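**Q** Everything below, folded, please.
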Amino acid sequence: MMSRPMLLVFLFVVLVITSQFEWKQQLVSDADVAQTAAQKQQRISNREEAIKEKVILSQEKKIQNLNELVRSLREQLLECRSNNGTANSTLTSLAENIIELERQRILED
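**A** Purely as a prediction, here's the structure:
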């Protein structure tokens, strides 16, 4: 049988060895948790970046559509101004012709 001091030393060694094993496991687990958290944060950052890119592309497409609408409206405005100018000149010449006809009628009477 072992003496009491030897038994205490043996138990102390067993305690130290098992506690170090638990500490190493805990350190490895903490490292895994830190690495997992970093990977999760990276995935979140990647998703946020992808969403931002999609929003920017969507906004650019909307801007292009608005620019096309503005261009189309400008063309329509120029066409309307041109038609309005033609109509005004036609009305002016018609009014002049009517005035001239009325003068002739007055002179004939």
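
**Q** Nearest residue to the middle of this structure?
**A** residue 55 (1.7 Å; C-alpha atoms, centre = their mean).

**Q** how near is residue 75 to residue 85?
**A** According to C-beta to C-beta, to the nearest Å, residue 75 and residue 85 sit 16 Å apart. All C-beta spots, glycine's among them, are computed from the backbone N, C-alpha and C.

**Q** repeat for residue 71
**A** Where residue 85 is concerned, residue 71 sits at a distance of 21 Å (C-beta to C-beta).

**Q** How about residue 104?
**A** Residue 104 sits 29 Å away from residue 85, taking C-beta to C-beta as the criterion.

**Q** Can you give the distance of the helix or strand hosting residue 86 from its chain's centre?
**A** Using DSSP states H and E, the element containing residue 86 is helix 4-108. Centroid separation for helix 4-108 versus its chain: 1 Å, with C-alpha atoms, centre = their mean, to the nearest Å.

**Q** and residue 86, how many neighbours?
**A** Residues lying near residue 86 (other C-beta atoms under 10 Å) number 10.

**Q** Quick check, pLDDT for it.
**A** Predicted confidence (pLDDT) at residue 86: the value is 74.

**Q** The one 4 residues further on too?
**A** Looking at residue 90, its pLDDT reads 72.

**Q** Report the contact partners of it.
**A** Not one residue lies near residue 90 by C-beta atoms under 8 Å, 6 or more residues apart in numbering.

**Q** who's in contact with residue 19?
**A** Not one residue lies near residue 19 by C-beta under 8 Å, 6+ apart.

**Q** Next, find the distance separating it from residue 7.
**A** Distance, residue 19 to residue 7, by C-beta to C-beta: 18 Å.

**Q** Residue 48 and residue 55: what is the separation?
**A** Distance from residue 48 to residue 55, counting by C-beta to C-beta: 11 Å.

**Q** now residue 80
**A** Going from residue 80 to residue 55 by C-beta to C-beta gives 37 Å.
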